[in-house]
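Q: I would like the atomic coordinates for the input below:
(3 chains, ligands or ions: 4)
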Amino acid sequence: MELKIPSLSKNESFARVTIASFASQLDPTVEEINDIKTAVSEAVTNAIIHGYENEMGELYISAKITANTVEIKVKDTGRGIEDVEKAREPLFTSKPELERSGMGFTIIENFMDEVEILSKTGSGTQITMRKKIVPSTTEK
Amino acid sequence: MELKIPSLSKNESFARVTIASFASQLDPTVEEINDIKTAVSEAVTNAIIHGYENEMGELYISAKITANTVEIKVKDTGRGIEDVEKAREPLFTSKPELERSGMGFTIIENFMDEVEILSKTGSGTQITMRKKIVPSTTEK
Amino acid sequence: IGEIRRYLRDNNPIRVSRSLRDIAYKALQVRDKLTNENDREPTVSEIALELDIKREEVVFALDAIQEPVSLFEPIYH
Ligand SMILES: Nc1ncnc2c1ncn2[C@@H]1O[C@H](COP(=O)(O)OP(=O)(O)O)[C@@H](O)[C@H]1O
Ligand SMILES: Nc1ncnc2c1ncn2[C@@H]1O[C@H](COP(=O)(O)OP(=O)(O)O)[C@@H](O)[C@H]1O
Ligand SMILES: [Mg+2]
Ligand SMILES: [Mg+2]
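A: Ligands and ions are numbered 1, 2, ... in the order given. Sure thing, here's the model as predicted:
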């Protein structure tokens, strides 16, 4: 599935719940759904406040399922990240004045199994994250 | 918002709930949201079984809000409708063998305030439907 | 009384926001119940089955009672 929405902060909750709902076909627990929601939420918030710096832009969010894994991409065509290595470091934030915690990427990495960041200054950023949903074994 | 999903019948409930969730920012009543869900469901089902005749294709669903009105478009690039006038008639179905009721468009017209059908044989069909959500008066 | 109730119902129909919250609280109750019964966290589909709704509905309803996803503080301690 592919979703395109304006980069408004009120769309953040719609995006996270839509992706979570799509992922629910893998039959996750509520806890796994919450992990996915948190990761999407962090990525979408980053696109809105860092990528577009609260100016209007489009968010491109896609999700697909392969075997037991959901793959989610969150893309913006905003300002991009200068130093991806540094951005991934816990507590690093380029906007301390906004009381950002600098923990967004760290949270995403903790809640998802794999995280890739592609970014180019002036062109935008794409985050790809994957999570394997472990099927409930004790059933039947 | 714009949503693109494969024309699989298992995506029907995902599409229906996603659009309902988007429309819920107008704080509709349960009845109003059920009308919207039913209309989306009929349009999406038509695209899957008539537009693509159960072959793989893409569904394009978009929704936007203007004042108190939600506008929803459901588009396919399938076989198209030969005679739109006739298709809109109650009880008309081109697939009586599937035990279709021929009431899809009638239901959509009853549950939504405005319905437009654009279709071209060989190119596809786009349904635009609008519904005004009556704002709550008794609550602040 | 019946008349008043009818009046209130007709003039104050249930909003989706309210109904989503109701579904969400029921979903949480079912989640607790199934966790106790099976000794593991139920899946979203199991909760949906018990409530006789689609699993997507469960996900959307639960989101309606979720505090804004909070950054950092509640997660790391
Ligand atoms: N989509 C994006 N576009 C541009 N810069 C980004 C984007 N996402 C993250 N960044 C950069 O990476 C840094 C770290 O992100 P994060 O770990 O979420 O912390 P925080 O959002 O609290 O600053 C941000 O401060 C910002 O400089
Ligand atoms: N997306 C579509 N693509 C092609 N034909 C369509 C589409 N939607 C509707 N139709 C045509 O219009 C007819 C009437 O649709 P509808 O009122 O929903 O009845 P039913 O689906 O029960 O046949 C269908 O039988 C079909 O021939
Ligand atoms: Mg962040
Ligand atoms: Mg139909």
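Q: from here on, contacts and neighbour counts on C-alpha atoms
A: Fine.
Q: Which residue, other than its chain neighbours, is closest to the closest residue to ligand 3 within chain A?
A: The minimum distance from chain A to ligand 3, using CA to the ion, falls at residue A:104 (4.0 Å). Leaving out its chain neighbours, the residue that sits closest to residue A:104 by CA to CA, 6 or more residues apart in numbering or on different chains is residue A:42, at 5.6 Å.
Q: The one you found and residue C:41: what is the separation?
A: 25 Å (CA to CA, to the nearest Å).
Q: Neighbours of residue 29, how many?
A: I went with chain A, as the question did not name one. Around residue A:29 there are 23 other residues, counting by other CA atoms under 10 Å in any protein chain shown.
Q: To clarify, I was referring to chain C.
A: 13.
Q: what's the helix or strand for it?
A: In the assignment (DSSP states H and E), residue C:29 maps to helix C:16-38.
Q: got the buried residues for the helix or strand where residue A:117 lies?
A: Assigned by DSSP H and E, residue A:117 belongs to strand A:114-120. For strand A:114-120, the neighbour count (16 or more other CA atoms under 10 Å in any protein chain shown) marks A:115, A:117, A:119-120 as buried.
Q: does that strand come close to ligand 1?
A: No: contact of strand A:114-120 with ligand 1 (CA under 6 Å from any ligand atom) is absent, the minimum separation being 7.8 Å.
Q: Who are the packing partners of that strand?
A: strand A:124-132 (3 or more CA pairs under 8 Å, 6 or more residues apart in numbering or on different chains; DSSP states H and E).
Q: Rounded mean pLDDT for the strand it packs on, please.
A: Strand A:124-132 shows an average pLDDT of 98 in the prediction.
Q: Next, residue 56: phi, psi?
A: No chain specified, so I'll use chain A. phi -70, psi 140 (degrees, to the nearest 10).
Q: swap in the one 5 residues further on?
A: Residue A:61 adopts backbone torsions of phi -120, psi 130, taken as degrees, to the nearest 10.
Q: Okay, and the beta partners of it?
A: According to DSSP bridges, the residues that bridge with residue A:61 are residue A:3, residue A:74.
Q: so it touches residue A:2, yeah?
A: Yes: in this structure, residue A:61 is within contact of residue A:2 by CA atoms under 8 Å, at 5.9 Å.
Q: In terms of neighbours, single out the busier of these two.
A: For residue A:61 and residue A:2, the more surrounded residue by other CA under 10 Å is residue A:61, and the numbers stand at 25 against 17.
Q: Look up how far chain C lies from that one.
A: Per CA to the nearest CA, to the nearest Å, residue A:61 is found 18 Å from chain C.
Q: Quick one: residues contacting that residue.
A: By CA atoms under 8 Å, 6 or more residues apart in numbering or on different chains, residue A:61 lies in contact with A:2-4, A:15, A:72-75.
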